[in-house]
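Asks: Task: produce atomic coordinates for the following.
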Amino acid sequence: MIRSNPKNSSMSMDERVAAACRDAGQQAIEIAERTGTQIVIWRDGKIVHQTAAEARAEFDQKQNRSTALGINEQTD
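Replies: So this is what the prediction gives:
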């Protein structure tokens, strides 16, 4: 379920889209962790299957890199 976030009102449209994509990715990983299913992504023109643990590690690594660069510094 999508909920309105008051912090989003001061965000640009690009920032809102990035936040929505980030939230959707996190939600997909959480569902995969609960159900024991794999994550299916499109990477470099190929379909790639990842375990929830692999997807979580990659997601966290990208989030940490973005935070270190000062990108998407939104907190929940």
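Asks: buried sites along the lowest-mean-pLDDT helix or strand in the chain?
Replies: Lowest by mean pLDDT, DSSP states H and E among the helices and strands of the chain is helix 52-68, with a mean of 90. Within helix 52-68, the residues that count as buried by 16 or more other C-beta atoms under 10 Å are 52, 55-56, 59. Yep, even glycine has a C-beta here, placed from its N, CA and C like the rest.
Asks: From those residues, pick the one nearest Ala20.
Replies: Phe59 (14.8 Å; C-beta to C-beta).
Asks: and the closest one, what does it touch?
Replies: Taking C-beta atoms under 8 Å, 6 or more residues apart in numbering, we find Phe59 in contact with 25-26, 29.
Asks: I'd like the distance from the residue nearest the centre of the chain to Lys46, if you could.
Replies: Nearest to the geometric centre of the chain sits Arg22, at 2.9 Å (C-alpha atoms, centre = their mean). Separation of Arg22 from Lys46 (C-beta to C-beta, to the nearest Å): 23 Å.
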